[in-house]
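1. Predicted coordinates and the sequence they were generated for:
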Amino acid sequence: MRKKLTKEILEEWLENVRPFAYDGQVADYIPALSKQDPEDLAVSIYYLDGECIHAGKVENCFTLQSISKVIALALALIDNGEDYVFGRVGMEPTGDPFHSIYRLEQHRPSKPLNPMINAGALAVSNMIRGVTPDEKVGRLLSFIHEMTDDHSISFSREVASSEFETAFLNRSLLYYLKQHKVVTGSVEETLDAYTKQCSIELNVRHLSKIGALFANEGKDLHSGRQIIPKHFARICKTFMVTCGMYDASGAFAIKVGIPAKSGVSGGVLGSVNGFGGIAVYGPALDTKGNSVVGLKLIEMLSNRYDLSIF
Ligand SMILES: NC(=O)CC[C@H](N)C(=O)O
C-alpha cells in the first residue's frame, strides 16, 4: 500500500487550487445547476483499508450527472449481461462532446459509440430492469445504497425537473435511438428515468467510497461482499480511462492516468487499483465540461503518489 496522505496536506492542496475555481464556469444549460457556488470545494480519498480522509465542504451534496453513467452501466450489465448491453452500445471513444448527435448516423445498424456519451447512456438507462421510470431509478438508488451503505441517498426533484424541461437535445437523441430500435418503450419515460438518475445527490465521501469499491474489484471494503462482478467493475474502469472525461480523455490519460468520470455538476470520481477511491467536487467547469479544480487536484494527487496506471 502506498503512503497515506494526511488531512492537513489535503486541506492545504485544496486551498492551493481554490483560485482555479474562477478559471471555469458553472453549468447553466440545466438551469438548476447554475445555482451552484464555484467556491464550494471538497475532496475525499477512501483507502482500500476503509480509512477515509477528506477536506472542504464534505457534507455538501451535489448531483451525479454523467458520473451516474458508470454506475448505471454496472447495473445494466448485471441486469442484462455483456452481450445484450454491447449489442446495443459500442466500446469506442468518440473524441466528440458528450451530447454530440452526429456520429449516430455514421454506424449501421445505428449504435451509440460508448456508454459514457449521452446517446449511449440514454440507451443504458433504458436497459435497467423495471417497468416504470421510478422502478428503474429505485433499483439504481438501492444499488447506490448498497455501495455507500447510506440508505438516505435520493435524487433532487428540482434538478431532475429542471433538466427534464430543457433536455431537447437528449430528447432528439432518444427519438433517433427509438427509430433505430436501440431503445424500447416511451421516450418521455426513458428521459424521466435518465434525468432522475443524473440528479442522484451524494457527497464526496460517498463518491470516494464508490471509487474504492470499483478499485476493490467490485467488493464491499468492509464485508467483502461482491456487489459488482469483478469483470463488470473492470469494464466500467476501462470506459473511465477511454471515455470518462469526455473529449479530454486522451490528455487526461497522459497527464493523470487514473480511471475517472466527471459530471457537469463539477464532481469527479476516480478509482485506482491498489490505492482506493478519489472524489472531488468543484462546480466550475472548463470548456469540455470537466471540473477545473477537480482536474487540478487529481493531477496533483497522481503526480505526488505516482498513481498513473500506465
Ligand atoms: N456531462 C454530463 O454530466 C451530462 C449529464 C446531463 N444530465 C446531460 O445529459 O446533459
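-> Structure received.

2. As a check, name the ranges of all helices in the stretch 51-200 of the chain.
-> 68-80, 82-88, 118-127, 133-148, 157-166, 168-179, 187-198 (DSSP state H, counting those that start in this stretch).

3. Just name the most buried of those.
-> Mean neighbours per residue, mean count of other CB atoms under 10 Å, is largest over those for helix 118-127, with a mean of 27. Glycine gets a C-beta too; all of them are placed from N, C-alpha and C.

4. That one near the ligand at all?
-> Yes: Helix 118-127 comes into contact with the ligand (CB under 6 Å from any ligand atom), by way of residue 118.

5. Send me that helix as CSV with only the CA atoms.
-> C-alpha atoms of helix 118-127 as CSV (Å, rounded to 0.1, in the frame of the first residue of the first chain):
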residue,chain,number,x,y,z
ASN,A,118,-25.3,10.8,-23.7
ALA,A,119,-26.6,8.7,-26.6
GLY,A,120,-25.0,5.6,-25.1
ALA,A,121,-26.0,6.5,-21.5
LEU,A,122,-29.7,7.0,-22.5
ALA,A,123,-29.7,3.6,-24.1
VAL,A,124,-28.1,2.0,-21.0
SER,A,125,-30.6,3.8,-18.7
ASN,A,126,-33.4,2.3,-20.8
MET,A,127,-31.9,-1.2,-20.3
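
6. by how many degrees do it and helix 168-179 diverge?
-> 60 degrees (axes from the mean of the first three to the mean of the last three CA atoms, to 10 degrees).

7. Might one say that residue 182 is in contact with residue 112?
-> Yes: if you go by CB atoms under 8 Å, residue 182 and residue 112 touch, sitting 6.9 Å apart.

8. Include mean pLDDT when you put the helices of the stretch 51-200 of the chain into TSV, please.
-> Compiled in TSV, the helices of the stretch 51-200 of the chain are given as follows (pLDDT from 0 to 100):
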stretch	mean pLDDT
helix 68-80	98
helix 82-88	97
helix 118-127	97
helix 133-148	98
helix 157-166	98
helix 168-179	96
helix 187-198	98
